[in-house]
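Asks: could you look at this predicted model? Sequence included:
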Amino acid sequence: MHRLDRQSLIRTVAFALLMGLIWYVRPATAMTFTAQRVEGSEAVVARGTIEAGDAGRLEQALRSATRDGFGHKILVLESNGGQVGEAFAMVAVMDREQVSTLVRPGATCASACAQILFLSGIHRVVAEGGRLGLHSCHDAKDRARSLACNQMIAQNAMVRGTPYGSILAFMQLTAPAEVRWLDSREADCWGFTQGPPGSGRGVKAGEAAPCLLKGQGTTSIAAAGRHG
């Protein structure tokens with residue numbers, strides 16, 4: 001199946017299965033979109049919780065963004081996650097606009113932000129001092145682990161170049177009430193990043209053995225919220 005067709009199928013199934021799922025570290029301010037110059041381009045900085053309507057707000061914000069040397073618009077992420085269905089709607093916008101993703105020094109991108117938005121960027125970079133937060137998707141009603149949600153997110157990541165085993169393992173092994181934090185080097189080693197050609201970023205899992213977790217490890221959601 002053509003890559004774009006496969007991605008469209010993923011999004012269609014995702015909306016059907018996951019609209020009732022909410023996946024985030026803790027409630028925070030609603031997502032805002034602001035223009036900011038990043039590495040010579042006018043980028044969009046997305047901060048806060050992913051909520052209904054954010055896909056439309058992202059689309060509007062990206063209209064003023066300029067393209068980098070690779071022809072991509074840059075989305076800077078600072079979020080502890082939010083609604084899974086809305087995150088996939090945002091990905092549809094990102095695909096149309098050809099977006100690369102960035103987590104800057106001192107920033108965190110967790111849950112749906114990390115495992116849906118960040119991993120859907122064409123180029124994906126976690127700068128030194130930035131962090132990704134990973135944990136299992138869960139049902140909003142009873143907070144039980146959702147295997148269907150985890151599988152869907154892993155499939156979406158895989159078709160975009162992230163090793164299926166890496167993303168699924170972190171979601172399956174980290175409980176919904178906990179967050180596994182990865183720093184820049186760990187994100188590179190496990191294959192979650194994909195830098196521009198010649199950048200040296202985006203080492204695939206298995207190419208740099210072993211990929212040890214030397215960061216801050218696992219924290220509770222309550223504690224993780226203080227980092228957002």
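Replies: All right, it came through fine.

Asks: helices and strands around the helix or strand containing residue 95, which ones?
Replies: For residue 95, the host element (DSSP states H and E) is helix 84-97. Packing partners of helix 84-97 (3 or more CB pairs under 8 Å, 6 or more residues apart in numbering; DSSP states H and E): helix 3-18, helix 54-62, helix 147-159. Heads up, the C-betas are built off the backbone N, CA and C, glycines and all.

Asks: now do it against helix 147-159, angle only.
Replies: 10 degrees (axes from the mean of the first three to the mean of the last three CA atoms, to 10 degrees).

Asks: and helix 84-97, what's buried?
Replies: 84-95, 97 (16 or more other CB atoms under 10 Å).

Asks: send the alpha carbons of it over as PDB?
Replies: Extracted as PDB, the C-alpha positions of helix 84-97 are listed here (Å, rounded to 0.1, in the frame of the first residue of the first chain):
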ATOM      1  CA  VAL A  84      -5.800  11.300  21.100                       C
ATOM      2  CA  GLY A  85      -8.400  11.800  18.300                       C
ATOM      3  CA  GLU A  86      -7.500  15.500  18.100                       C
ATOM      4  CA  ALA A  87      -3.800  14.700  18.000                       C
ATOM      5  CA  PHE A  88      -4.400  12.500  14.900                       C
ATOM      6  CA  ALA A  89      -6.500  15.400  13.400                       C
ATOM      7  CA  MET A  90      -3.400  17.600  13.900                       C
ATOM      8  CA  VAL A  91      -1.300  15.000  12.200                       C
ATOM      9  CA  ALA A  92      -3.500  15.200   9.100                       C
ATOM     10  CA  VAL A  93      -2.700  19.000   9.000                       C
ATOM     11  CA  MET A  94       1.000  18.300   9.500                       C
ATOM     12  CA  ASP A  95       1.000  15.900   6.600                       C
ATOM     13  CA  ARG A  96      -0.600  18.400   4.300                       C
ATOM     14  CA  GLU A  97       1.800  21.200   5.300                       C
END
